[in-house]
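**Student:** Sequence and predicted structure below; questions after.
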Amino acid sequence: GAVVSQHPSRVICKSGTSVKIECRSLDFQATTMFWYRQFPKQSLMLMATSNEGSKATYEQGVEKDKFLINHASLTLSTLTVTSAHPEDSSFYICSATWMGREAFFGQGTRLTVV
Amino acid sequence: QKEVEQDPGPLSVPEGAIVSLNCTYSNSAFQYFMWYRQYSRKGPELLMYTYSSGNKEDGRFTAQVDKSSKYISLFIRDSQPSDSATYLCAMSDSNYQLIWGAGTKLIIKP
């Protein structure tokens, strides 16, 4: 299957700082990328959907000013967690799809805010 | 009502049993149907991908789509403890909007 690379896999940051997570589709052009959050023992929660060159569409309850998503090219999307708080600690996963076909997932990023 | 409904489980079965996982949906425009497996602390991986109605088989896994009933299934034959994971269904329409089920946690008991 296609490869989606997510970086970093783990990050620890201090409260109040910002963290950027990258999601790259390595061997296909991702017309749409999705960002998810997952708490321990819970299912994926879709945070936002981003189409290349457009503003991201955020799910209800997700603060767009806190979780900044940029999808500037067909192979790269970034999620920036701004002014991070301990409650932002979670597993963040991206996935990428071409024209709504099968989506491929990144390896996930475990964010710990201390 | 959600567009895609999936029982979160957990579903616990003995090793060797046939497992049936299901999703129902309400949008008749869905054309592409997918099943993903997610192990704890890992990103989901694509298991099966089906376009429109019918069956698709890959090893011990069979995906089935019944568009008339708006119902999709994933069957796992000769289930193994290593199949214990969360299984997510996903589907998309011609507008390329991908909609996810909540995931079913499967436990295979040795």
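**Tutor:** Ah, there it is. Residues are numbered from 1 along each chain as shown, chains lettered A, B, ... in the order given.
**Student:** and chain A, which of its residues are near chain B?
**Tutor:** Within chain A, the positions adjacent to chain B are A:1, A:6, A:31-32, A:34, A:43-44, A:46, A:49, A:91, A:93, A:95, A:97, A:99-108, A:110 by CB under 8 Å from any CB of the partner chain. Yep, even glycine has a C-beta here, placed from its N, CA and C like the rest.
**Student:** cutoff 10 Å now
**Tutor:** Residues of chain A lying close to chain B (CB under 10 Å from any CB of the partner chain) are A:1-2, A:4, A:6, A:31-32, A:34, A:36, A:38, A:40-46, A:49, A:51, A:57, A:91, A:93-95, A:97-110.
**Student:** Buried ones only from these, please, as a PyMOL command.
**Tutor:** The buried residues among these can be selected in PyMOL (16 or more other CB atoms under 10 Å in any protein chain shown) with this line:
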select buried, chain A and resi 2+4+6+31+32+34+36+38+43+44+45+46+49+91+93+94+95+97+98+100+101+102+103+104+105+106+107+108+109+110
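**Student:** Which ones among the residues of chain A next to chain B lie within strands?
**Tutor:** Counting by DSSP state E, the residues of chain A next to chain B place A:4, A:6, A:32, A:34, A:36, A:38, A:45-46, A:49, A:51, A:57, A:91, A:93-95, A:97, A:104-105, A:109-110 in strands.
**Student:** can you list the weak-confidence ranges in chain B?
**Tutor:** The model of chain B has pLDDT under 70 over residues B:1, B:95-97.
**Student:** Mind doing that once more with 80?
**Tutor:** Scanning chain B for pLDDT under 80 picks out B:1-2, B:41, B:93-98.
**Student:** what sits against A:Pro8?
**Tutor:** Residues near A:Pro8 by CB atoms under 10 Å, 6 or more residues apart in numbering or on different chains: A:Val19, A:Lys20, A:Ile21, A:Glu22, A:Gln107, A:Thr109, A:Arg110, A:Leu111.
**Student:** Just say helix, strand or coil for B:Glu57.
**Tutor:** Recorded secondary structure, B:Glu57: strand (DSSP: H, G, I helix; E, B strand; the rest coil).
**Student:** I'd like to know how far it sits from A:Phe91.
**Tutor:** Going from B:Glu57 to A:Phe91 by CB to CB, to the nearest Å gives 32 Å.
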